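J.: What would the 3D arrangement of this be:
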Amino acid sequence: MSPTSFLNKISLKSRRQILRKNSTDAERKLWTRIRNKQLPGLKFYRQFSVGPYILDFYCPVCRLAIELDGGQHAKIKQKIYDDKRTDFLRCNNISVIRFWDNDVLQNIDGVLKKVELNLTPPRLASLVEAGHPPLKIRGGVKRKTHAESRTSSRHFNSDYRERRKIFNYKKKPA
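T.: Residues are numbered from 1 along each chain as shown. Predicted structure coming up:
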């Protein structure tokens with residue numbers, strides 16, 4: 001499975017959008033404190049899919065998932081599902097930390113401290129040694145800036161003018 005089909009699957013896009021629109025109070029509260037690189041300059045995504053699962057929050061640099069659990073997660077069937085999901089993520093080198101919704105709503109600073117303790121970006125060397133390819137940058141090749149594209153077209157045009165001079169091309173009368 002290629003990394004692009006494994007992360008943020010297109011087939012789960014509409015489900016992720018619905019989850020973002022219908023986020024819980026705890027999710028909204030935590031999101032306001034971790035969005036826009038507020039935690040040591042690290043980018044978090046919300047409702048990010050990894051394989052068949054949609055994570056509440058995910059930091060790809062640290063490979064850290066944050067899951068917020070409501071009362072339904074205390075049920076046995078849900079615990080079994082959560083354990084299976086956590087095992088899947090850990091097998092893919094993604095750490096998972098879980099918080100109860102009440103903890104986020106009543107002690108957001110304590111939750112953020114625990115998250116910060118888990119923010120240890122892996123060194124590239126250790127990833128390569130473990131046989132993991134570096135993460136691909138979304139979007140692929142870097143696009144030229146407006147100034148760069150103008151410069152390259154200017155060079156092309158000047159080369160064209162030089163060739164016309166050398167071969168004495170003349171425009172044909174219309």
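J.: switch to C-alpha atoms for all contacts and neighbour counts from now on
T.: Will do.
J.: so where's this structure shaky on pLDDT?
T.: 1-5, 8, 73, 121-174 (pLDDT under 70).
J.: roughly how far apart are the residue lying closest to Leu119 once chain neighbours are set aside and Glu116?
T.: Spatial nearest neighbour of Leu119, excluding adjacent residues (CA to CA, 6 or more residues apart in numbering): Cys62 at 6.0 Å. Counting by CA to CA, to the nearest Å, the separation of Cys62 from Glu116 is 11 Å.
J.: Now Lys13, what are its backbone angles?
T.: Reported as degrees, to the nearest 10, the phi and psi values for Lys13 are phi -60, psi -50.
J.: mind checking the SS state of the residue nearest to Leu119?
T.: Counting by DSSP: H, G, I helix; E, B strand; the rest coil, the backbone at Cys62 sits in coil.
J.: quick one, strands of this structure?
T.: Along the chain, the segments classed as strands by DSSP state E run 45-50, 53-59, 64-69, 95-100.
J.: Make JSON lines from these and add mean neighbour count to it.
T.: Shown next, in JSON lines, are those (neighbours: other CA atoms under 10 Å):
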{"stretch": "strand 45-50", "mean neighbour count": "22"}
{"stretch": "strand 53-59", "mean neighbour count": "21"}
{"stretch": "strand 64-69", "mean neighbour count": "21"}
{"stretch": "strand 95-100", "mean neighbour count": "16"}
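J.: tell me, how many neighbours does Pro40 end up with?
T.: Neighbourhood size, Pro40 [other CA atoms under 10 Å]: 9.
J.: same deal with Gly110?
T.: Neighbours around Gly110, by other CA under 10 Å: 12.
J.: Can you give me the distance of it to Ser14?
T.: Using CA to CA, we find Gly110 at a distance of 33 Å from Ser14.
J.: which one of the strands of the chain lies closest to Ala26?
T.: Closest to Ala26 of the strands of the chain is strand 64-69 (CA to CA; 7.5 Å).
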